[in-house]
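# this is the structure alone, sequence omitted:
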């Protein structure tokens, strides 16, 4: 293994020289082993067997995602998926969805290794069938059966209320179930992600947030969203390592209020600036180990992404969908940054399993949790 020097500013490991080839910083200090590209080599132990601490003024370790997918490749997958879905009268849809996810995850790289998605079409199809039978069918019956049977008007009203209450119950169940399933089927370096959130806890949070949002004419909404984000982040794990969230809805409230007041005068475009602000805030208040995320996007950048995506879809009559998906993935990977020490060597696999029923229900209700696929 060759010897090299680590740049104190950008962390690039390179052969000895007066300045860094990447950022131009002055190089110096003892040589360190050069490991696999994209992976930070371990520090050389000091006397006594302990690793030396970084200087107090040293910049934090910075890690970024990289995405290698191409619109043409995804378009080929999309064409085959569409053809097989039509030929099988829709049955292949679930297998096609898995193929797209596996491609997108497999093209996303972090620290020299790529993510993997382990779900199957069979799981998604069976999960959707269960969701339809257990959750969707009762709602449809309550909403339509009284009218078909010509029951009294008060029965029709009561059935409609019950159907709405069931929907408000099944929606949070779909959100929790989908998050649990998707994380349990996602891995990096052979270690799976996981989710430990309790459904009953989220049901209380969801119902209370909905009631308070209604009573305050929507003003409680940023607090509601922040509490939901905290629930999902704090109950997510990578192997044995958990995630933390320290955000507070108060810090989003004034941005939300200003956005709401400007909506009529900006034709709704001010909402995009609020989305950018919210995403920045949520990521900046998300931590893993001693590292913290950053997502420095602006409303202008997000508007540009959305406008180009819309034009691509309109002028190609939807055929540019694969390129839109790739653009979204590249945008996210380009801007998401993780700063600080991770201690990856201490993370191990943790057993866990999840059903695809929640994923199936989320697909029916179009609840994607922001994952995009």
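Looks like it arrived, so ask away. Just so it is clear, the structure is predicted and the values come from calculations on it, not from any experiment. Numbers count the residues shown, from 1 in each chain.
# and the pLDDT at residue 215?
Residue 215 carries a pLDDT value of 96.
# from residue 221, how far out is it?
Separation of residue 215 from residue 221 (Cβ to Cβ, to the nearest Å): 12 Å. All C-beta spots, glycine's among them, are computed from the backbone N, C-alpha and C.
# likewise for residue 147?
34 Å.
# the more surrounded of these two?
More neighbours surround residue 221 than the other of residue 147 and residue 221, with 19 against 12 (other Cβ atoms under 10 Å).
# first-to-last residue distance for stretch 338-346?
The first and last residues of stretch 338-346 sit 18 Å apart, counting by Cα to Cα, to the nearest Å.
# tell me how far that stretch lies from the chain's centre.
From the chain centre to the centre of stretch 338-346 is a distance of 19 Å (Cα atoms, centre = their mean, to the nearest Å).
# quick one, helices of this protein?
Shown for the chain, the helices assigned by DSSP state H span residues 71-87, 93-106, 121-131, 137-148, 153-184, 199-215, 221-234, 250-262, 270-284, 299-315, 321-335, 357-365.
# quick one: contacts of the second one?
Contacts with helix 93-106, where a contact means Cβ atoms under 8 Å, 6 or more residues apart in numbering, come from 69, 73-74, 77-78, 80-82, 84-85, 114-117, 119-122, 124-125, 128, 186, 325, 329, 373.
# buried ones in that helix, by neighbour count?
By neighbour count with 16 or more other Cβ atoms under 10 Å, helix 93-106 contains the buried residues 93-105.
# what's the closest of those residues to residue 273?
For the buried residues of helix 93-106, the residue nearest residue 273 by Cβ to Cβ is residue 104; the value is 27.3 Å.
# how near is that closest one to residue 322?
Distance from residue 104 to residue 322, by Cβ to Cβ: 10 Å.
# repeat for residue 314
With distances taken as Cβ to Cβ, residue 314 is found 16 Å from residue 322.
# these two - which one has more neighbours?
Neighbour count, other Cβ under 10 Å: between residue 314 and residue 322, residue 322 has more, with 21 against 10.
# could you count how many residues lie near the closest residue to the more buried one other than its chain neighbours?
Leaving out its chain neighbours, the residue that sits closest to residue 322 by Cβ to Cβ, 6 or more residues apart in numbering is residue 74, at 3.8 Å. Counted with other Cβ under 10 Å, residues neighbouring residue 74 total 22.
# got a list of what residue 74 touches?
Residue 74 neighbours (Cβ under 8 Å, 6+ apart): 100, 103-104, 322-323, 325-326.
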